[in-house]
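S.K.: Turn this into a structure:
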Amino acid sequence: MKTAKLVWLIIAICLVLIGATICFTSIKSIDFDFKKFNTMEYTTKTHTVTENFADISILAAECDVEFKLSDDGTCKIECLEDERLSHFIEVKENKLVIERIDNRKWYEHIGIYNGEIHLTVYLPNYSYNSLILSTLSGDVNITKDFVFDNAEIITTSGDVSFTARVNEKLKLSSNSGEITLGPIITKNVEIDTSSGDITLENVKCDNLNLHSTSGEIGLNQVKANGDMQIKTTSGDIELEYCDAKELYLYSTSGDIEGTLLTPKIFSVKTTSGDVSVPNSNDGGKCQIKTTSGDIDVQIKTVCWVN
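M.R.: Below is the predicted model:
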């Protein structure tokens, strides 16, 4: 029995060595240029949209998405396409719709593309009613050049950077990608991630709701006129010169620390962590709960800096 196991072990090792040798030989034959493994032949295509629209809906899959102001007043969509990968683009009911069309066979998804797949939208106006954008692994960059009444961005593993103004509600969600917001002024902000970090800097809003499972949450000069609710399971929460009418900060094992701008009435609970908060009977409510993390929140009254 032991002899049979030894024979199979030797055979397995030999097969691994043969496979490694074939792999190394293949890579060496292309001078270690991994781009030559690419089975897709992408070319840059530019689509022109002549109709007017007030709403934008984009389903971009793995593309990086970026908005830019058009320099000639014409809406153009610049993207990489292949004969098996293209885009459906139309204006319907005052909405610009951009969707990827994937006609690849299942085995064609195995090919490698070592480069950036981008989708750049050149917009003729700076202000729009709504934006709905969904992508799998691509990064999203929406700059301060634009204004939306409402905006929602959903990504699986791509990062999101957002500095555009939103008049009503901004909703951002990601599984493992990082989300960076600000400087920005809006009414309501809702952000949700699983393992990605959330970073807000110089943000003014009415209500703020942040949730992350294991990602870090960091706020710098963030002010909410109403409620600020932040919840994380294992990630830390850090506030620097932030404020809200009422604050609700929750973490299971992460630390909660930082500085607030005005006095608060603190309600603090932790099981095993250390606690340091000011004694105050004035101001709005600040409720802080953590199981094993430390709590260290102080008040530093300074002038708000835009």
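S.K.: Please make it C-alpha for all contacts and neighbour counts, starting now.
M.R.: Fine.
S.K.: Tell me which stretches of the stretch 101-250 of the chain form strands.
M.R.: 118-123, 127-135, 140-142, 147-155, 160-162, 165-174, 179-181, 184-185, 188-193, 198-205, 207-212, 217-232, 237-251 (DSSP state E, counting those that start in this stretch).
S.K.: what does stretch 272-290 contact?
M.R.: Outside stretch 272-290, the residues within contact range by Cα atoms under 8 Å, 6 or more residues apart in numbering are 245-256, 262-271, 291-299.
S.K.: related to what we said a few turns ago, possible to save the strands of the stretch 101-250 of the chain as CSV with mean pLDDT?
M.R.: Converted to CSV, the strands of the stretch 101-250 of the chain look like this (pLDDT from 0 to 100):
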stretch, mean pLDDT
strand 118-123, 94
strand 127-135, 96
strand 140-142, 95
strand 147-155, 96
strand 160-162, 96
strand 165-174, 96
strand 179-181, 96
strand 184-185, 93
strand 188-193, 96
strand 198-205, 97
strand 207-212, 96
strand 217-232, 97
strand 237-251, 96
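S.K.: right, so of those strands, which gets closest to residue 55?
M.R.: strand 127-135 (4.9 Å; Cα to Cα).
S.K.: Name every sheet partner of the closest one and say whether each one runs parallel or antiparallel.
M.R.: Partners of strand 127-135 in the sheet, by DSSP bridges, are strand 55-61 (parallel), strand 147-155 (parallel).
S.K.: Give the buried residues for it.
M.R.: By 16 or more other Cα atoms under 10 Å, the buried positions in strand 127-135 come out as 127, 128, 129, 130, 131, 132, 133, 134, 135.
S.K.: Columns distance to residue 44 on top of the strands of the stretch 101-250 of the chain, output as JSON lines?
M.R.: Formatted as JSON lines, the strands of the stretch 101-250 of the chain follow (distance: least, Cα to Cα, whole Å):
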{"stretch": "strand 118-123", "distance to residue 44": "9"}
{"stretch": "strand 127-135", "distance to residue 44": "19"}
{"stretch": "strand 140-142", "distance to residue 44": "19"}
{"stretch": "strand 147-155", "distance to residue 44": "23"}
{"stretch": "strand 160-162", "distance to residue 44": "23"}
{"stretch": "strand 165-174", "distance to residue 44": "28"}
{"stretch": "strand 179-181", "distance to residue 44": "28"}
{"stretch": "strand 184-185", "distance to residue 44": "33"}
{"stretch": "strand 188-193", "distance to residue 44": "32"}
{"stretch": "strand 198-205", "distance to residue 44": "33"}
{"stretch": "strand 207-212", "distance to residue 44": "37"}
{"stretch": "strand 217-232", "distance to residue 44": "37"}
{"stretch": "strand 237-251", "distance to residue 44": "42"}
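S.K.: closest to residue 75 out of the ones you listed?
M.R.: strand 118-123 (5.0 Å).
S.K.: For the closest one, output the C-alpha coordinates as CSV.
M.R.: Extracted in CSV, the C-alpha atoms of strand 118-123 (Å, rounded to 0.1, in the frame of the first residue of the first chain):
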residue,chain,number,x,y,z
HIS,A,118,-12.0,52.1,-20.7
LEU,A,119,-15.3,53.9,-21.4
THR,A,120,-15.1,57.6,-21.6
VAL,A,121,-18.3,59.6,-21.9
TYR,A,122,-18.0,63.2,-23.3
LEU,A,123,-21.1,65.1,-22.1
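S.K.: Sounds good, over and out.
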